[in-house]
Every structure is written in structure tokens, then in C-alpha cells.
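Chemist: Whatever this is, show me its structure:
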Amino acid sequence: MERRLLLVFALTFLVIILFQPLLKKYLPQPAVPATSPQAQAQPSAQSVAGPESRLAVPAAGTSKQAASEAETVVENDLYRITFTNRGGRVKSWILKKYDDDHGKPLELVSSAAEKYGYPLSLWTYDETQRNRINSALYVASSSGNLDAPAQVTFEYSDQDLAVRKTFSFDHTYVLHIETSVLQKGTLVTAFPLWPGGFGDQLSPASYAASRVEYQYNDKTERLDIKKVSGGATLPGPFNWAGVVDQYFAAVFLPDDTQNAAAVTLRDSIDVPKDWRNPKPQETIKAEVLGVGVGNLKVPVTERLYVGPKALRILESVSVPTVVGAPQDLRSLVNFGFFQVLARPLFLWLKWTYEKVVHNWGWAIAIQTLIINLALLPLRISSMKSALKMQKVAPQIKAIQEKYKKYSMRDPRKQEMNQEVSALYKTEGVNPVGGCLPMVIQMPFLFAYYSMLGAAIDLRQAPWLWIHDLSSRDPYFVLPIALVVSMIVTQKMMPQPGMDPAQQKMMTLMMPLMMGFLFFNLAAGLTLYYSLGNLIAIAQQAVMNRTSLGREMRELALKRARKKEK
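Modeler: All right, here's what the predicted structure looks like:
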């Protein structure tokens, strides 16, 4: 049976080979369009024949174009999108749930779009062709105002070119895109775009927060501005790819992840140095990023998420093609290196806001209080460790004098370390015990920094005199309070093991340095650190009244008197 099957395969193959010359001679062959060397260097185009294309396109050689420019508006409870039939592009993309700095619904289409392209333009590798596609007057399937769920189709064709763009909308931030571009019957690689950044970018710092990001399974890549090249192609596969700033994202989710590819855009724009008080003569160059995602082999079918980088919303966007990671868009929220700590802190903070106080500032205050109370045993342990260190200080000094005559390379120097370690063990001293509270507190500080920079929930969140906890304190009350509270804490804390002159320097220099670092940081982060200092002052005042506190202060005073003599 196996021999017969092999014989059939061999004869079939032989017949195919022998009949190839006859087929070429007597059957008509499809015309192969000529391609320039430049076109051959780009991803290859393919002919679209009947069922191979999911999209219906105008017949070749027919003309289909509008006589004048018109607009189509699609909206739901979340957005209001205004299309123009000139290029079938988006002129305005307003998010109804988010406000700009003037209290109006946020416009996501950047001012740079007029120069560098509007959302849902198409990118092709031929610039002349690209300009033609994005400036032609398309025939729209609908005009006027539409309520989602809805679908809008834009079509254009002439003797050589045929373009069709279909957009479908529902009640979420996600829309579905289908696009097809044919040049003389041949499929052209064309990427739907989000160019020109976002409308919430006003200051140079906000432009600097832009990234091009993409994910495939459990790996997420984040390209900052310096790593992005204008017009460069990023080969897939991608589960999603897009452009983001600090709080918003435009992310394409291709239906065919394996054959997906992206093109990156990078352009420059002049922005005011001080966006609150803009002056035409005082500007600075900023970079705006864009990205387009498409398919190199077939017409494009994909989804597009345009909206906030809010964890709850991103987790509701299904990405079923992801393997080895959550099947949603949650990785767009970048909690940084300390995400293991930052994410639970944020979820805890959000729960406090929603269930307890309904104000992000007071939620931070409650969380700060609980964290510092949890660290109280470590503060007490630190004081005990410092006291024990001071008690054994004379013995340690005697051991050091004993081995002072030996160089660091002398093997006998190791005996000094052994004697010191034995003394620590006998007296129950932990040399690093005094640093432990600071070591544990620093990850919380860095996690808070990452969390406040990534959580859109704190954007424009008010607290007392502060209008936006994600921005700096407008009156610098919190940075000043931070410096003063650190000075008070330093003075209250007994430091018997420190030289008085050194202690005076640290009492002033450390708070000033921290005040300088926090001067322009988010008010929410400064609030956390300042309240932590105030709580530490209260804790230290109580601890100074205990027998342990009194003993440490007496040792510190005794040491100071010896230095004065």
C-alpha cells in the first residue's frame, strides 16, 4: 500500500513538471506590473483577486470621488469623533469623560496634526501616493451625526487608484478598522496611522513622556523618543502596538498578529517654554511621535483603542492572542521597576478613595499613616541598635587601635574584623539595624513615584489648595513643609554615634537636598513624604519620652560635652 501511494505521488509530480511548458505556451499568463528598485526595497505588494480580499473595492478604471468636503460625526457616551471626507481622516477626537486644563472636554487630536497628519490617515512607502490618498475627497456612506453603534465607509477611486476605509463603532473606546488600497489592481501596503502625538501635550515635559510601545505575548517593549526613527518599519508579530504619552494611548490590535508590522513617525514642533504663559519668542523644540500598524500581505483588519491609560478600562479590552500574560491592555500602565509594590499600592489607594474618603489627597494621607505605623517597630529597633552601637563604641575603638599599625593588605587585618564581629555577636549588636527603616521605606517612595506618574486617576485630582495631585504644588507649600519637617526630625532624633559638627551639617544639608529634589515633583508624592515626616515627628516625640529615648539623649549629651573639652 505504501509503495503504491509513493508511486502515485511520483507520477503526479512528473505530470506537473512535463505539462509546465504546455501551460505557459497555450494558456494566458497574468500581467506582472513593473516595479522600480525603490519599490522592491519596500514590503512587497500583492494582487487582490476575488475572495483573497475581505474588502470590496471599486472596480478598476472607475471614478468615485466626492464633489466637496463634508463631515461625519460619530459619538457615544465616551467620545465624539469628527471625520472629514478629505482623506477619510479624523479632524477631532474628543474624550467626554476627561477635561483639559481649561475645564473643557479633552481634544486628543494634537495641534501638530495639521502639519504631520490627522488620525486614521494612511501611510504608504511612496510619498506621492501617500499624499494623494490622504488629500483626495472620498465618498462617505453617511454624513451628519451618528450615534454608536454605527459604521462609516469612505471610498475613493480613479483610473489607477482605489481606496476603501471602513470604521465600526460600539459603546467602548475600541473601534474596528478595515482598509484596502489598490494601485492598478495591486494591493499596496498601507498602515492606518495615529500621527502627531496627543492633544493633552502642552509642556516640553509632556512631549518627553511619549513612547512607542508594543507587546507580543509576555514581552512589552517601550521605545522612548531617542530610539524612534521617522519612517522606520518594525516587523511583527505584535499583539498590539501604538503610541502613548503619560496618560493616554492610541493602540492598534491587528487581527492577524503574525503578519502585522508597524511604521514609526518622529517629527519636531516648537512649543512654549512656559505653556501657562506662552510667548512666541520663547519656544523650545519638542518631538512628537506617531505610529501606524498594518499587514504586509493582505488588506488591514484590526481594532484601535484610543483612550485613557486607566487600569480598570484597559483590563476590560480583550486581547485573546496574548500568550503567557493577561489577555488585555493592562501592560500599557507602566509602574516601572517597582511594579510589584506599586500596583498593590495603587489598588489599595483606589479602594480607599472609592470606599472611604472619595478624595485622592485624603486617601494618600490615610495610606501614609498606615504605612508609617507599620514601620514603627522598625524605628524602635533602629533606636535600640544605635544605642547598642554607642555602648560598644569604646571597645571597637580599642580593637581598631590594636591593629592600626597593620596595612589593609596585611592578613592580620582580618583578625580585627573577626574580633569586631565577635563583639557584635556577644553584645547582640546589628550594625545595619539603624539603616533598616530607611532601606525599607525607599522602595515605598520609589513605588509611589512610579504609581503617581502612571495613574491617570490622580490627573487633575484636587486636595485642599492643590488642583492637580499629579503636578507640582502651585504654591510650594508641601516642599517647604518637607524641608522644615526634616530639620525638626533631625534635631529631635538622638544620634549619639555622630560627631556634633557632622550632625549639624546633616541636619541642614539633607533636608535642603530633599527639598530641591521634590521641588518640581508631583504634589501627591510630596504629600506622601511630608506627611510621613510629620508622623515621624509625632512618633519621635513619644519615643524620646521612653527610657530608651532618654538613655540615647544622655549618651548624645555626654559625647557632646567630651568634644567641647
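
Chemist: Every contact and neighbour count from this point should use C-alpha atoms.
Modeler: OK.

Chemist: As a check, name the ranges of all strands in the stretch 251-400 of the chain.
Modeler: With DSSP state E, counting those that start in this stretch as the criterion, the stretch 251-400 of the chain has strands at 260-272, 283-295, 300-308.

Chemist: if we compare those, which one ends up closest to residue 76?
Modeler: strand 300-308 (13.1 Å; Cα to Cα).

Chemist: Give the pairing partners of that closest one; include direction for each.
Modeler: strand 174-183 (antiparallel), strand 248-254 (antiparallel) (DSSP bridges).

Chemist: okay, which residue is most central for the protein?
Modeler: What sits nearest the mean C-alpha location of the chain, by Cα atoms, centre = their mean, is residue 334, with 4.7 Å.

Chemist: ok, back up a step: any chance of JSON lines for the strands of the stretch 251-400 of the chain, columns distance to residue 540 and mean neighbour count?
Modeler: Below are the strands of the stretch 251-400 of the chain laid out as JSON lines (distance: least, Cα to Cα, whole Å; neighbours: other Cα atoms under 10 Å):
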{"stretch": "strand 260-272", "distance to residue 540": "47", "mean neighbour count": "20"}
{"stretch": "strand 283-295", "distance to residue 540": "47", "mean neighbour count": "23"}
{"stretch": "strand 300-308", "distance to residue 540": "43", "mean neighbour count": "23"}
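
Chemist: Out of the ones you listed, the one nearest residue 140 is which?
Modeler: Among the strands of the stretch 251-400 of the chain, strand 300-308 comes nearest to residue 140, with 19.0 Å by Cα to Cα.

Chemist: who touches residue 539 in this structure?
Modeler: residue 376 (Cα atoms under 8 Å, 6 or more residues apart in numbering).

Chemist: What confidence value was assigned to residue 272?
Modeler: pLDDT, residue 272: 87.

Chemist: give me every residue that touches the residue nearest to it when sequence neighbours are not counted.
Modeler: Spatial nearest neighbour of residue 272, chain neighbours left out: residue 283 (4.2 Å); criterion: Cα to Cα, 6 or more residues apart in numbering. By Cα under 8 Å, 6+ apart, the contact list for residue 283 reads 270, 271, 272, 273.

Chemist: Grab the nearest non-local neighbour of the first one.
Modeler: Using Cα to Cα, 6+ apart and skipping the chain neighbours, the partner closest in space to residue 270 is residue 285 (4.7 Å).

Chemist: now the one you found: how far from residue 269?
Modeler: Per Cα to Cα, to the nearest Å, residue 285 is found 6 Å from residue 269.

Chemist: Give the residues shared as contacts by the two.
Modeler: Joint contacts of residue 285 and residue 269 (Cα under 8 Å, 6+ apart) do not exist.

Chemist: Minimum distance to residue 209: which of the strands of the stretch 251-400 of the chain has it?
Modeler: Shortest distance between residue 209 and the strands of the stretch 251-400 of the chain, using Cα to Cα, is found for strand 283-295: 10.0 Å.

Chemist: what about residue 538, neighbour count?
Modeler: Here the count is done by other Cα atoms under 10 Å, and residue 538 has 11 residues near it.

Chemist: my bad, should have said residue 63
Modeler: 15.

Chemist: Could you do the one 5 residues further on as well?
Modeler: Taking other Cα under 10 Å as the neighbour definition, residue 68 ends up with a count of 10.

Chemist: Secondary structure element for the closest residue to residue 296 other than its chain neighbours, which one?
Modeler: If the residues on either side of it in the chain are set aside, residue 296 comes closest to residue 189, at 5.8 Å by Cα to Cα, 6+ apart. Residue 189 belongs to no helix or strand when assigned by DSSP states H and E.

Chemist: which residues touch residue 345?
Modeler: Each residue near residue 345 by Cα under 8 Å, 6+ apart is listed here: 447, 448, 451.

Chemist: just the buried members of these?
Modeler: 447, 448, 451 (16 or more other Cα atoms under 10 Å).

Chemist: could you dump the contacts of residue 283 to TSV with distance to residue 397?
Modeler: Formatted as TSV, the contacts of residue 283 follow (distance: Cα to Cα, whole Å):
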residue	distance to residue 397
270	63
271	61
272	60
273	57
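
Chemist: Can you name the two of the residues you listed that sit furthest apart?
Modeler: 270 and 273 (9.2 Å).
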